[in-house]
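# Below is the structure, and that's it, no one-letter string:
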């Protein structure tokens, strides 16, 4: 079963606008990661936030983590047409034999 | 380029057949992960190897098996193939993986079509 559930499933915005994507999960985690996938290509790691961190930045990306609500958000500022892709959150559940479990993804379309 | 190499890129075969997918991880990465991506199931974790040993198992069918060799490359074997096995199969590698999972580096995938 999927650990992370992204919301919304699809998002369409104008170039220059900000895009906010949300992820909720069910169990305790070591870390939460966001990945991007261009159509039919491999996933690319964007950012990792550990369970003891609340916010992290990387370029135009800002990720927040609220472990009390078991949720995370990914904000892409000043979006570009090249940001059009699918975005996945992935959780590394606490405990031995950890593995990264992905949500079903959010399809982001940025209109030029 | 992630540094993870998967072969073949595309594979078309018939039901009942057996195929082998190959993955070479990034240099120095000890962990290899296999994922299956399909439209209806999303990205499903299959299995993880760490330094030659099976570390974690996910939704991997009994018809599927995998191994990691001493040179750290990995193979995923799919047998008695069914139409529903058609999917994109990804290999990913990471430095970590013993007891927590860091950043994964994904290959470009092997697209399997079962006719």
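Yep, that arrived. All figures in this text were calculated on a predicted structure; none of them were measured in a lab.
# got the residues of chain A near chain B?
Taking Cβ under 8 Å from any Cβ of the partner chain as the test, the list of chain A residues beside chain B reads A:2, A:30-31, A:33, A:35, A:40-45, A:48, A:88, A:90, A:92, A:96-105. For every residue, glycine as well, the C-beta is placed using N, CA and C.
# Give me the buried subset of the residues you listed.
For the residues of chain A next to chain B, burial is judged from neighbour counts taken by 16 or more other Cβ atoms under 10 Å in any protein chain shown, and it is met by A:2, A:30-31, A:33, A:35, A:42-43, A:45, A:48, A:88, A:90, A:92, A:98-105.
# In strands, which of those fall?
Secondary structure of these is defined by DSSP state E; positions in strands are A:30-31, A:33, A:35, A:43, A:45, A:48, A:88, A:90, A:92, A:100-102.
# pLDDT added to the residues you listed, as TSV?
Shown next, in TSV, are those (pLDDT from 0 to 100):
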residue	pLDDT
A:30	89
A:31	92
A:33	95
A:35	97
A:43	96
A:45	96
A:48	95
A:88	96
A:90	94
A:92	88
A:100	87
A:101	89
A:102	92
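# can you tell me which two in those residues are farthest apart?
By the measure Cβ to Cβ, A:30 and A:43 form the most distant pair in those, at 18.9 Å.
# burial count for the nearest residue to residue A:94 once chain neighbours are set aside?
Taking Cβ to Cβ, 6 or more residues apart in numbering or on different chains as the measure, residue A:94 lies nearest to residue A:28, with 4.3 Å between them; neighbours along the chain are not counted. Here the count is done by other Cβ atoms under 10 Å in any protein chain shown, and residue A:28 has 12 residues near it.
# May I ask which helix or strand encompasses the closest residue to residue A:84 other than its chain neighbours?
Computed as Cβ to Cβ, 6+ apart, the closest residue to residue A:84 that is not its neighbour in sequence is residue A:110, at 5.0 Å. For residue A:110, the host element (DSSP states H and E) is strand A:106-111.
# Let me see the contact set for the residue nearest the centre of chain B.
For chain B, the residue whose C-alpha lies nearest the mean C-alpha position (Cα atoms, centre = their mean) is residue B:34; its distance is 3.0 Å. Counting by Cβ atoms under 8 Å, 6 or more residues apart in numbering or on different chains, residue B:34 makes contact with B:23, B:45, B:46, B:47, B:48, B:60, B:66, B:74, B:76, B:89, B:90, B:91.
# Mind telling me what element it is part of?
Using DSSP H and E, residue B:34 sits in strand B:31-38.
# which residue ranges form the helices in chain B?
Ranges of helices in chain B, per DSSP state H: none exist.
# In it, where is pLDDT below threshold?
For chain B, applying pLDDT under 70 flags the ranges B:97-100.
# where does it come near chain A, residue by residue?
Chain B has residues B:2, B:4, B:33, B:35, B:42-43, B:45, B:48, B:55-56, B:58, B:88, B:90, B:92, B:99-109, B:111 near chain A, with proximity defined as Cβ under 8 Å from any Cβ.
# Would you check that residue B:81 makes contact with residue B:16?
Yes - because the distance of 6.4 Å satisfies Cβ atoms under 8 Å, residue B:81 is recorded as touching residue B:16.
# which one is residue A:60 nearest to, not counting chain neighbours?
Ranked by Cβ to Cβ, 6+ apart and with sequence neighbours excluded, the top spatial neighbour of residue A:60 is residue A:77, at 4.8 Å.
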